[in-house]
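**Q** Would you be able to build a 3D model of this:
(one chain, ligands or ions: 1)
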Amino acid sequence: MINELLPGVYVHTSHIQKLQSVVLVDEKAVYVFDPCYFPDEINEIRELARSFETPNREKYLVLTHSDFDHIAGVHEFPEYKVIASSAWDESNEVHSIEKIEQFDSEFYVDREWTGKMPRVPMGDKVNHGQQKGEMTFYHAKGHTWDGLVTIYGQTAIVGDYLSAVEFPFVYTSYRAYMDTLTMFSQIFETHSIDTVITQHGPAALDKTEIQRRIDLSRDYLKRAVELVGEGMERGLSTEKIIEMGADFQYEAQPIAIGILNFHIKNIKLIHQELTQ
Ligand SMILES: [Zn+2]
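**A** This next block holds a predicted model:
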């Protein structure tokens, strides 16, 4: 399913984790972000992108980070130049490729290649604050080490941050994640951002909703850190801290069972980080 969210900005929602792939077209270029995941979906995204291709438009494939659900479609766009963070995490990429192989062989997903997926054909690695055409790129760490945020006009495409369907998944560092939230407030102000396209679930379409999501993420992390801190003061093990926080809520709801493991991993990681 593809919707035109804004003039020239199209969003495709995947059957998996509501992943939002973006096709963005302006006079100079066609940009595809995180084409995901199943072959028929990737094909739909590719067909739309193809309809905008002209001899004088550049073609770019932007990867918001190296997690498996975001990179599975890269080889279906061989004529597109890949843009990713200069902090691109190769070991996470390799891990993601294994995960794609695992997922595809478990759920019988056929692709144009068989067996192992080839590595990502890296094009331009961009630095924090770098500009390219109409785009400005920023690094966003915390979920992974290689998150890339793209600013286009008053729209930000932010990867797996500020989602309306999931709490912060912290794979690398809660401190870095907190810094990223602070950075969002700063760069959104600088660029007068009024639309945030997150890669899981619906976009935030006004400044109030954007601020609400920043606050929600910050509040979740703050409470998780408080929980761990309290457990540490009592000399509890990680397991006991998790038990103590069994009634932890997000948006006034218990954490859904399907993503509870990410919350538990967050608590473990925060505990580790606070002990260091
Ligand atoms: Zn993701």
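**Q** okay, CA-based contacts and neighbour counts for the rest of this
**A** OK.
**Q** could you say which helix or strand contains residue 31?
**A** strand 29-33 (DSSP states H and E).
**Q** Please report how far residue 135 lies from residue 62.
**A** Residue 135 is 11 Å from residue 62, where distance means CA to CA, to the nearest Å.
**Q** and these two? which has more neighbours close in?
**A** Neighbours were counted for residue 135 and for residue 62 using other CA atoms under 10 Å; residue 62 has more, 27 against 14.
**Q** Quick check: residue 43 is in a helix.
**A** Yes: under DSSP: H, G, I helix; E, B strand; the rest coil, residue 43 sits within a helix.
**Q** count of neighbours near it?
**A** 17.
**Q** And residue 69, by the same measure?
**A** That count, for residue 69 with other CA under 10 Å as the rule, works out to 20.
**Q** Kindly report the same for the one 4 residues further on.
**A** Counted with other CA under 10 Å, the neighbours of residue 73 add up to 24.
**Q** From what I see, it and residue 32 are in contact.
**A** No: contact between residue 73 and residue 32 fails when scored by CA atoms under 8 Å: they sit 10.4 Å apart.
**Q** Can you report how many residues neighbour the nearest residue to residue 65 once chain neighbours are set aside?
**A** Excluding the flanking residues, the one nearest residue 65 by CA to CA, 6 or more residues apart in numbering is residue 147, at 4.7 Å. Residue 147 has 27 neighbouring residues, counting by other CA under 10 Å.
**Q** What's opposite residue 147 in the beta bridge?
**A** In this entry, residue 147 is beta-bridged to residue 140, by DSSP bridges.
**Q** ok, now how distant is it from residue 202?
**A** Counting by CA to CA - residue 147 and residue 202 are separated by 19 Å.
**Q** how far does the strand holding residue 31 sit from the chain's center?
**A** 17 Å (CA atoms, centre = their mean, to the nearest Å).
**Q** circling back to that earlier point, which residues does the residue nearest to residue 65 contact?
**A** Residue 147 makes contacts with 64, 65, 66, 85, 139, 140, 141, 159, as judged by CA atoms under 8 Å, 6 or more residues apart in numbering.
**Q** Show me which residues of stretch 197-215 are buried.
**A** For stretch 197-215, a neighbour-count test (16 or more other CA atoms under 10 Å) marks 197-204, 207, 209-210, 213-214 as buried.
**Q** outside of that stretch, which residues touch it?
**A** By CA under 8 Å, 6+ apart, stretch 197-215 touches 17-21, 155-166, 181, 185, 193-196.
**Q** hmm, try it at 6 Å
**A** 18-20, 157-160, 162-165, 194-196 (CA atoms under 6 Å, 6 or more residues apart in numbering).
**Q** Can I have the buried ones of those as a ChimeraX selection?
**A** A single ChimeraX command selects the buried members of the contacts of stretch 197-215 (16+ other CA under 10 Å):
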select :19,20,157,158,159,160,162,163,164,194,195,196
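**Q** nearest to residue 47, of the contacts of stretch 197-215?
**A** residue 20 (16.3 Å; CA to CA).
**Q** correct me, but the closest one touches residue 5?
**A** No: the criterion here is CA atoms under 6 Å, and residue 20 misses it with residue 5 at 11.4 Å.
**Q** who does residue 13 bridge with?
**A** Under the criterion DSSP bridges, residue 13 forms beta bridges with residue 20.
**Q** Show me whatever sits in contact with both of residue 73 and residue 32.
**A** With CA under 6 Å, 6+ apart, residue 73 and residue 32 have no common neighbours.
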